[in-house]
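*Asks:* Could you work out the structure for the sequence below:
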Amino acid sequence: MKTILVTGAAGFIGFHLAKSLLEDGHMVVGLDNLNDYYDVSLKLDRLKEIGIHGDEVSLSESVSVSDCYEGRFTFVKLDLQDRVALPLLFEKYQFDGVINLAAQAGVRYSIENPASYIDSNIVGFLNILECCRHNKIGHLVYASSSSVYGENEKVPFSEDDTVDRPISLYAATKKSNELMAYTYSHLYGLPTTGLRFFTVYGPWGRPDMAPMLFANAITAGKAIKVFNEGQMSRDFTYIDDIVKGIKIAFDHPVSNNQEAEYQIFNIGNGAPVSLFEFIETLETSLGQVADKIMLPMQDGDVPKTWADTEKLNNLGYESTTPIKEGIAQFISWFQNYYTKES
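*Replies:* As a prediction, this is how the structure comes out:
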């Protein structure tokens, strides 16, 4: 059993990862600032699935679960920018490893509110690095993004590709995280692993991402916005496959590397799906046809993503969830969750 810090634990990926690590028998400390970038009630409902209730969060900065997972989950409401409380948390728990998924998400929102991305994704990540350095953390795994590839025309995208031309501030902050991690690995021998996620979807997903936006609009009889006239494709990756990849990467830190204890992995499905096929799959699962508004490409967006996952495959990773199965699982959760909400 390891003691693992998962930041962004009330977020989409963080929630699923924390739950999976608990099921594996680890002790997990989940950290989240519960910001209102999207509906906080969804974040609280995710925590409720693990055993933390909203009224408990409001009463305390730190809440432990005693009635499930044998008391192995503790939730801490904390911002990564807090340079006083964060080091104290590290000192208290002496983590075996850290998985940093906390970040200000969203490509398009980074154009509207750039300061929040610097505060969370740069300042917050620096604080994580400093805490890992001073507490001799055995392995730091952190979320990067497929957005670092920008408008790369060579497909599939490989970790060895040049990624120095980000087309959104969000992508720039994620590339910055990779550079910062490399520096700490090089200077201090901190083992770090960056994970470039490719279009994650599934139950409990974010409301600002295409699956939820489209499902909400279709069920409400509203038109969906189809950007770049539909001439787009994404390497949609189901959440269970993402969690599987994170855990494999976490279990394989770089060691005895002469240059730096640093590595990067793509985590994707390895099979891009066109936007129209994705919409048709949603329509089939919902049993409704969507009205579509064709629009030009949005600033900061890219026409295609496609992950080369060979590096992670060599460690035992395999994406096994086809888009039809993954969408069916998502829609099943979506209909159940929002029926209960209403």
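
*Asks:* Going along the chain, name the helices of this structure.
*Replies:* Remark: helices assigned in the chain by DSSP state H are 12-23, 40-50, 54-59, 85-93, 109-112, 114-117, 124-134, 169-188, 210-219, 239-250, 275-286, 310-313, 323-341.

*Asks:* between those helices, which one is nearest to Asp79?
*Replies:* Nearest to Asp79 among those is helix 124-134 (7.4 Å), distances taken as C-beta to C-beta. For glycine as for every other residue, the C-beta is placed from the backbone atoms N, C-alpha and C.

*Asks:* Extract the C-alpha set from that closest one and format it as PDB.
*Replies:* Output of helix 124-134 as PDB, limited to C-alpha atoms (Å, rounded to 0.1, in the frame of the first residue of the first chain):
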ATOM      1  CA  GLY A 124       0.500  26.000  -8.700                       C
ATOM      2  CA  PHE A 125       2.700  23.500 -10.600                       C
ATOM      3  CA  LEU A 126       5.900  25.300  -9.300                       C
ATOM      4  CA  ASN A 127       4.600  24.800  -5.800                       C
ATOM      5  CA  ILE A 128       4.000  21.100  -6.400                       C
ATOM      6  CA  LEU A 129       7.500  20.800  -7.800                       C
ATOM      7  CA  GLU A 130       9.000  22.500  -4.800                       C
ATOM      8  CA  CYS A 131       7.100  20.300  -2.300                       C
ATOM      9  CA  CYS A 132       8.100  17.200  -4.200                       C
ATOM     10  CA  ARG A 133      11.800  18.300  -4.200                       C
ATOM     11  CA  HIS A 134      11.900  19.200  -0.500                       C
END
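
*Asks:* Buried residues, that helix. List them.
*Replies:* Residues of helix 124-134 classed as buried by neighbour count (16 or more other C-beta atoms under 10 Å): Gly124, Phe125, Leu126, Asn127, Ile128, Leu129, Glu130, Cys131, Cys132.

*Asks:* swap in stretch 180-191?
*Replies:* Neighbour count says stretch 180-191 has Met180, Ala181, Tyr182, Tyr184, Ser185, Tyr188, Leu190, Pro191 buried, by 16+ other C-beta under 10 Å.

*Asks:* Next: stretch 173-181.
*Replies:* Thr173, Lys174, Lys175, Ser176, Asn177, Glu178, Met180, Ala181.

*Asks:* quick one: low-confidence ranges for the stretch 151-300 of the chain?
*Replies:* Low-confidence segments of the stretch 151-300 of the chain (pLDDT under 70): 255-259.

*Asks:* go with 90
*Replies:* For the stretch 151-300 of the chain, applying pLDDT under 90 flags the ranges 151-153, 155, 227-232, 254-260, 296-300.

*Asks:* Between the buried residues of stretch 173-181, which sits nearest His26?
*Replies:* Ala181 (22.7 Å).

*Asks:* Now the closest one. Nearest residue, chain neighbours left out?
*Replies:* Thr192 (4.0 Å; C-beta to C-beta, 6 or more residues apart in numbering).

*Asks:* shouldn't that neighbour be in contact with Ile264?
*Replies:* No - in this structure Thr192 lies outside contact range of Ile264 using C-beta atoms under 8 Å: 9.3 Å.

*Asks:* Neighbour count for the two, which is higher?
*Replies:* Higher neighbour count among Thr192 and Ile264: Thr192, with 30 against 19, using other C-beta atoms under 10 Å.

*Asks:* Could you give the bridge partners of the more buried one?
*Replies:* Applying DSSP bridges to Thr192 gives these bridge partners: Leu140, Tyr262.

*Asks:* repeat for the one 5 residues further on
*Replies:* With beta bridges defined as DSSP bridges, Phe197 has these partners: Ile267.

*Asks:* Would you check how far apart it and Gly287 are?
*Replies:* Distance of Phe197 to Gly287, computed by C-beta to C-beta, to the nearest Å: 30 Å.

*Asks:* out of these two, which sits in the busier spot?
*Replies:* Between Phe197 and Gly287, counted using other C-beta under 10 Å, Phe197 has the larger neighbour count: 23 against 9.

*Asks:* which residues does the more buried one contact?
*Replies:* Ile13, Ala143, Ser144, Ser145, Ser146, Thr237, Ile242, Ile267, Gly268 (C-beta atoms under 8 Å, 6 or more residues apart in numbering).

*Asks:* The fourth one against Thr173, yeah?
*Replies:* No - proximity of Ser145 to Thr173 does not meet the contact threshold set by C-beta under 8 Å, at 9.0 Å.

*Asks:* In CSV: the helices of the chain, plus distance to Pro296.
*Replies:* Output for the helices of the chain, formatted as CSV (distance: least, C-beta to C-beta, whole Å):
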stretch, distance to Pro296
helix 12-23, 28
helix 40-50, 30
helix 54-59, 41
helix 85-93, 42
helix 109-112, 15
helix 114-117, 22
helix 124-134, 33
helix 169-188, 20
helix 210-219, 17
helix 239-250, 30
helix 275-286, 14
helix 310-313, 34
helix 323-341, 25
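
*Asks:* closest to Val65 out of those?
*Replies:* Among these, helix 40-50 sits nearest to Val65 (C-beta to C-beta), with 6.7 Å.

*Asks:* Okay then, goodbye and thanks.
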